[in-house]
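In: need the 3D shape of this:
(one chain, ligands or ions: 2)
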Amino acid sequence: MTEFDLTGLGWSAHFARQMGDDDRGLAPARLSEVHRDRLRALTPGGALSLLPVESTGAYAVGDWVLSDGSRAVRRLDPTSDLTRRAAGREAKLQRIAANVDTLGIVTSCNADFNIARLERYLALAHTAGCLPLVVLTKADMARDADDYLRRAQRLSPLVTAIALDATDPAEVARLAPWCKDGQTLALVGSSGVGKTTLRNTLTGEHELTQGIREDDAKGRHTTTARSLVPTQAGGWLIDTPGMRELQLADADEGIGAVFEDIEDLARQCRFRDCAHAGEPGCAVQAAIETGALDPDRLARWDKLRREDRYNSETVAEARARGKAFGKMVREISTSKKRRHDPGAP
Ligand SMILES: Nc1nc2c(ncn2[C@@H]2O[C@H](COP(=O)(O)OP(=O)(O)OP(=O)(O)O)[C@@H](O)[C@H]2O)c(=O)[nH]1
Ligand SMILES: [Zn+2]
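Out: Residues are numbered from 1 along each chain as shown. Ligands and ions are numbered 1, 2, ... in the order given. All right, here's what the predicted structure looks like:
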């Protein structure tokens, strides 16, 4: 693999600022793989295998750590953090990838194109702290790719959208500004929209075109591949199986950014707890009547907020449950102790 200096690996002032006198003798390393009992990291001197000092769930691909050569002694605060709600009843947040500069939201110029889904990904990018980039593939197969482009761009002034043929390397080269000079890009989107095709062209890897598929513990197929891969433009692509199943959780702030127009209106409603369902003095319904607001957009905002509230509540509830459980365990153990040692407090 080509050698990288720290900047080429994605290091920046944000991380340098976090190093202090206590960190003398430690060197920065960027995690490229997170396994159950060991981490793989990239440094200007080459790749390292590091022992974690926290549970491996605390680490994500893309994280910067400080290492003494054999252990990840300290994890640095990331610039962005992509998380998802872990499977199962626990509803814990699981870290998927860190220090992703740009989240490439991939959809095709066909039936996969769905405004509600795009808005959900935009909220996700905002919550994680990544710049969103909408990548519209299969432009070569669409009758009017520009129409898709216009619809994507209309989503928000914050959005940049690009329509391309993912199978044409000359067109994929237009993504270089987001994955050069140590910049990190990650791709999300439904199955079949062209993420693997883009990945292969961006990284020059071709062995994965068919996907190396392996059964995981639950008998599902997972694509095993390196997770932090250098791009030909001189940046990085993060592609982990978890990236492909991202959901919203605790995305309140992100939804606010994507639907700023509606939230501005909602603040002007007469009642603070206005449900925008026919109450007097409702600025949201007034905007719908004048045609300033699209009722479908209101419905999507409402749905996304409900979904987010559901996800966030279960996370909060799980935390509360965890606390209550811990308290119960402590109470039981002190009462046991008392039985054994009546003098104990
Ligand atoms: N003509 C054309 N075909 C494309 C384009 N993008 C992807 N394809 C084709 O669509 C199919 C699916 O593309 P993949 O790259 O495997 O899609 P994916 O998003 O990685 O799908 P998963 O691995 O299931 O997540 C392949 O046959 C690609 O060659 C495009 O822009 N134009
Ligand atoms: Zn209202």
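
In: count the neighbours of the closest residue to residue 71 other than its chain neighbours for me.
Out: Spatial nearest neighbour of residue 71, excluding adjacent residues (CB to CB, 6 or more residues apart in numbering): residue 51 at 4.8 Å. In this view, the C-beta of every residue, glycine as well, is placed from N, C-alpha and C. Residue 51 sits with 12 neighbouring residues when counted by other CB atoms under 10 Å.

In: quick one: residue 51 and residue 108, what's the gap?
Out: Distance of residue 51 to residue 108, computed by CB to CB, to the nearest Å: 43 Å.

In: how about residue 232?
Out: Between residue 232 and residue 108 the computed distance is 23 Å (CB to CB).

In: name the residue in the two with the higher neighbour count.
Out: The neighbour count for residue 232 versus residue 108, taken as other CB under 10 Å, is higher for residue 108 (22 against 16).

In: so what's the more buried one bridging to?
Out: Beta bridges link residue 108 to residue 137 when assigned by DSSP bridges.

In: check contacts around it.
Out: By CB atoms under 8 Å, 6 or more residues apart in numbering, the residues touching residue 108 are 136-138, 192-194.

In: do residue 3 as well
Out: Going by CB under 8 Å, 6+ apart, residue 3 touches 44, 46.

In: from ligand 2, how far out is it?
Out: From residue 3 across to ligand 2, the span is 58 Å (CB to the ion, to the nearest Å).

In: now residue 279, nearest residue through space, not along the chain?
Out: residue 271 (5.8 Å).

In: before we move on, back to that, so which of the contacts of residue 108 sits lowest on pLDDT?
Out: The member of the contacts of residue 108 with the lowest pLDDT is residue 192, at 86.

In: phi, psi for that one please.
Out: Backbone torsions for residue 192, taken as degrees, to the nearest 10, come to phi 90, psi 0.

In: next up, the contacts around it.
Out: Counting by CB under 8 Å, 6+ apart, residue 192 makes contact with 108, 112.

In: for the one 3 residues further on, same thing?
Out: If you count contacts by CB under 8 Å, 6+ apart, residue 195 has them with 106, 187-189, 239, 244.

In: per-residue confidence at it?
Out: Listed pLDDT for residue 195 reads 91.

In: distance of the residue lying closest to residue 178 once chain neighbours are set aside relative to residue 85?
Out: In space, and not counting its chain neighbours, residue 178 is closest to residue 102: 4.4 Å by CB to CB, 6+ apart. From residue 102 over to residue 85 the distance is 23 Å, taken as CB to CB.

In: residue 153 and residue 159 touch, don't they?
Out: Yes - Residue 153 lies in contact with residue 159 (CB atoms under 8 Å); the separation is 6.1 Å.

In: just give me the least confident of the contacts of residue 195.
Out: Within the contacts of residue 195, lowest confidence goes to residue 244 (62).

In: wait, which of the contacts of residue 195 is closest to ligand 2?
Out: Using CB to the ion, residue 188 is the member of those that lies nearest ligand 2, at 32.4 Å.

In: what's the separation between residue 63 and residue 182?
Out: 15 Å.

In: comparing those two, which residue is more hemmed in?
Out: Taking other CB under 10 Å, residue 63 and residue 182 do not tie; residue 63 has more neighbours (25 against 20).

In: ok now stretch 187-200, how far from the chain's centre?
Out: Offset of stretch 187-200 from its chain centre (CA atoms, centre = their mean, to the nearest Å): 15 Å.

In: could you dump the contacts of residue 108 to JSON lines with distance to ligand 1?
Out: Shown next, in JSON lines, are the contacts of residue 108 (distance: CB to the nearest ligand atom, whole Å):
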{"residue": "136", "distance to ligand 1": "9"}
{"residue": "137", "distance to ligand 1": "4"}
{"residue": "138", "distance to ligand 1": "4"}
{"residue": "192", "distance to ligand 1": "5"}
{"residue": "193", "distance to ligand 1": "4"}
{"residue": "194", "distance to ligand 1": "3"}
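
In: quick check: the farthest pair among those residues?
Out: 136 and 192 (14.1 Å; CB to CB).

In: might you report the residue contacts of the most centrally placed residue in the chain?
Out: Nearest to the geometric centre of the chain sits residue 82, at 2.9 Å (CA atoms, centre = their mean). Residues in contact with residue 82 (CB under 8 Å, 6+ apart) are 60, 95-98, 100, 103, 124, 128, 130, 186, 243, 246.

In: if we go to 6 Å?
Out: 96-97, 128 (CB atoms under 6 Å, 6 or more residues apart in numbering).

In: so which of these is the most crowded?
Out: residue 97 (29 neighbours).

In: re earlier: looking at residue 153 and residue 159, which is more packed in?
Out: With neighbours defined as other CB under 10 Å, residue 153 and residue 159 compare such that residue 159 has more, 18 against 13.

In: dihedrals phi and psi, the more buried one?
Out: phi -90, psi 130.

In: any idea of the pLDDT on it?
Out: Looking at residue 159, the pLDDT reads 86.

In: what's the spacing between it and residue 40?
Out: Counting by CB to CB, the gap from residue 159 to residue 40 is 34 Å.

In: interface residues of this structure facing ligand 1?
Out: Counting by CB under 6 Å from any ligand atom, the chain comes close to ligand 1 at 137-138, 140-141, 165-167, 191-197, 244.

In: next step: these restricted to strands.
Out: residue 137 (DSSP state E).

In: most surrounded residue in the residues of the chain next to ligand 1?
Out: Among these, residue 137 has the most neighbours (other CB under 10 Å), with 29 neighbours.
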